[in-house]
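Chemist: what follows is a protein structure lacking sequence information:
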């Protein structure tokens with residue numbers, strides 16, 4: 001495993017983060033990752049050198065299941081708390097009492113205060129290494145949110161703050177508020193960012209680069225598209241294996257079946273042949289080698305074999321030509337990276 005400093009912080013993390021959003025999640029009455037499978041995946045992550053775990057209070061069915069299973073695993077493995085970095089999130093309605101109440105969502109002081117206590121209890125820990133706001137709250141002044149999060153840092157319940165999925169101007173506004181008010185600021189962001197998705201995130205990433213903010217992208221393999229397991233039909237539609245993401249959602253086809261996306265996949269597959277790696281590994285490596293900001297992809301493998309394959313991305317490097325070949329396939333809107 002390779003390790004890096006998380007942005008402008010003093011904390012060292014593995015170059016890959018293990019995401020647990022599947023833990024306890026039900027789809028059509030079937031649990032995507034059950035307790036036993038979750039434990040096996042966490043064992044594999046730890047044994048391969050991953051020391052960075054990502055979860056959220058609402059992951060699992062019911063809410064909190066993912067955090068509970070991680071907490072059980074930490075206790076059973078008797079892992080020294082300082083050896084592992086744990087991130088969780090707050091914002092969405094939390095129905096731990098059955099039906100969410102009026103203040104059981106958002107980024108107001110009342111909700112954040114309630115949720116951090118529940119998260120720490122489920123994880124069986126005294127503190128979080130990283131606490132994300134899961135979304136931007138249009139109904140709560142960002143000053144209130146940042147003041148409340150700052151209180152958590154100063155009380156030792158949280159070490160660093162993160163922001164997931166927001167516009168560049170909102171991230172900038174939050175950073176400005178923190179600087180002006182002398183509050184803690186965001187050290188990490190979690191946007192959707194991968195080689196195949198060319199939605200314009202350039203402005204957002206420019207802010208991260210300028211402010212030394214780490215980027216931990218989710219969906220780094222474009223929902224499986226960049227693994228190379230999908231084929232293109234003559235009419236341009238996706239031929240997907242049974243049960244894969246491409247068979248489950250129209251959003252997948254809308255996002256990843258453009259001419260540009262297929263061109264990116266072709267470039268990734270070409271590079272993978274040169275470096276004797278899988279398309280998934282090359283796609284992850286392309287993210288890891290962004291040099292304007294720390295980039296730690298969040299991998300959410302379904303099986304231990306998939307996770308071990310993902311970890312193989314640390315075993316090689318891309319040449320400038322290989323890196324730029326993928327960039328070129330992304331086109332003019334692909335962003336000027338590396």
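Modeler: Perfect, I can see it now. Since the structure is predicted, the reported quantities are computational estimates derived from the model, not experimental observations. Residues are numbered from 1 along each chain as shown.

Chemist: the strands in the stretch 51-200 of the chain, which residues?
Modeler: Remark: strands assigned in the stretch 51-200 of the chain by DSSP state E, counting those that start in this stretch are 52-54, 85-90, 128-133, 158-164, 186-190.

Chemist: can you redo those strands as TSV with mean pLDDT, distance to residue 19 and mean neighbour count?
Modeler: From N, CA and C alone the C-beta is placed, and that goes for glycine too. Formatted as TSV, those follow (pLDDT from 0 to 100; distance: least, CB to CB, whole Å; neighbours: other CB atoms under 10 Å):
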stretch	mean pLDDT	distance to residue 19	mean neighbour count
strand 52-54	98	5	27
strand 85-90	98	9	25
strand 128-133	98	12	25
strand 158-164	97	12	23
strand 186-190	98	10	25
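
Chemist: could I get the ones you listed as a markdown table with distance to residue 275?
Modeler: Putting the strands of the stretch 51-200 of the chain into a markdown table (distance: least, CB to CB, whole Å) gives the following:
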| stretch | distance to residue 275 |
| --- | --- |
| strand 52-54 | 25 |
| strand 85-90 | 29 |
| strand 128-133 | 31 |
| strand 158-164 | 31 |
| strand 186-190 | 28 |
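
Chemist: wait, which of the ones you listed is closest to residue 106?
Modeler: strand 85-90 (9.0 Å; CB to CB).

Chemist: could you give the angle of that closest one to strand 128-133?
Modeler: Interaxial angle, strand 85-90 versus strand 128-133 (axes from the mean of the first three to the mean of the last three CA atoms, to 10 degrees): 30 degrees.

Chemist: contacting residues around the residue lying closest to residue 187 once chain neighbours are set aside?
Modeler: Setting aside the residues directly before and after it, residue 187 is nearest to residue 160 in space (CB to CB, 6 or more residues apart in numbering), at 4.5 Å. For residue 160, the contacting residues are 6, 9, 11, 129, 130, 131, 153, 187, 188, by CB atoms under 8 Å, 6 or more residues apart in numbering.

Chemist: residue 123 now?
Modeler: 55, 67, 70, 71, 74, 86, 88 are the contacts of residue 123 under CB under 8 Å, 6+ apart.

Chemist: where does residue 310 sit, in terms of helix or strand?
Modeler: Using DSSP states H and E, the element containing residue 310 is helix 304-311.

Chemist: quickly list what the residue nearest to residue 187 is bridged to.
Modeler: For residue 160, the beta-bridge partners are residue 130 (DSSP bridges).

Chemist: quick check: it vs residue 61, distance?
Modeler: Per CB to CB, to the nearest Å, residue 160 is found 28 Å from residue 61.

Chemist: quick one, helices of the stretch 101-250 of the chain?
Modeler: 109-123, 142-154, 168-181, 202-210, 250-256 (DSSP state H, counting those that start in this stretch).

Chemist: my guess is residue 110 meets residue 103, correct?
Modeler: Yes - with contact defined as CB atoms under 8 Å, residue 110 reaches residue 103; the gap is 4.8 Å.

Chemist: burial count for residue 99?
Modeler: Residue 99 has 7 neighbouring residues, counting by other CB atoms under 10 Å.

Chemist: roughly how far apart are it and residue 93?
Modeler: Distance from residue 99 to residue 93, by CB to CB: 9 Å.

Chemist: where in the stretch 201-338 of the chain is pLDDT low?
Modeler: The stretch 201-338 of the chain contains residues with pLDDT under 70 at 234-257, 332-338.

Chemist: hmm, 50 instead?
Modeler: 247-248 (pLDDT under 50).

Chemist: gap between the residue nearest the centre of the chain and residue 169?
Modeler: Among the residues of the chain, the one closest to the centroid is residue 218, at 3.4 Å (CA atoms, centre = their mean). From residue 218 over to residue 169 the distance is 21 Å, taken as CB to CB.

Chemist: returning to that earlier point: between the helices of the stretch 101-250 of the chain, which one is closest to residue 312.
Modeler: helix 250-256 (22.8 Å).

Chemist: next secondary structure element downstream of the closest one?
Modeler: helix 259-275.

Chemist: tell me the helix or strand right after that next one.
Modeler: helix 279-288.

Chemist: who does that following helix touch, helix- and strand-wise?
Modeler: helix 259-275, helix 304-311, helix 320-330 (3 or more CB pairs under 8 Å, 6 or more residues apart in numbering; DSSP states H and E).

Chemist: possible to save those as CSV with distance to residue 199?
Modeler: Converted to CSV, the helices and strands packed on helix 279-288 look like this (distance: least, CB to CB, whole Å):
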stretch, distance to residue 199
helix 259-275, 11
helix 304-311, 23
helix 320-330, 11
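
Chemist: now those in JSON lines, with mean neighbour count?
Modeler: As requested, the helices and strands packed on helix 279-288 are arranged in JSON lines below (neighbours: other CB atoms under 10 Å):
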{"stretch": "helix 259-275", "mean neighbour count": "18"}
{"stretch": "helix 304-311", "mean neighbour count": "19"}
{"stretch": "helix 320-330", "mean neighbour count": "17"}
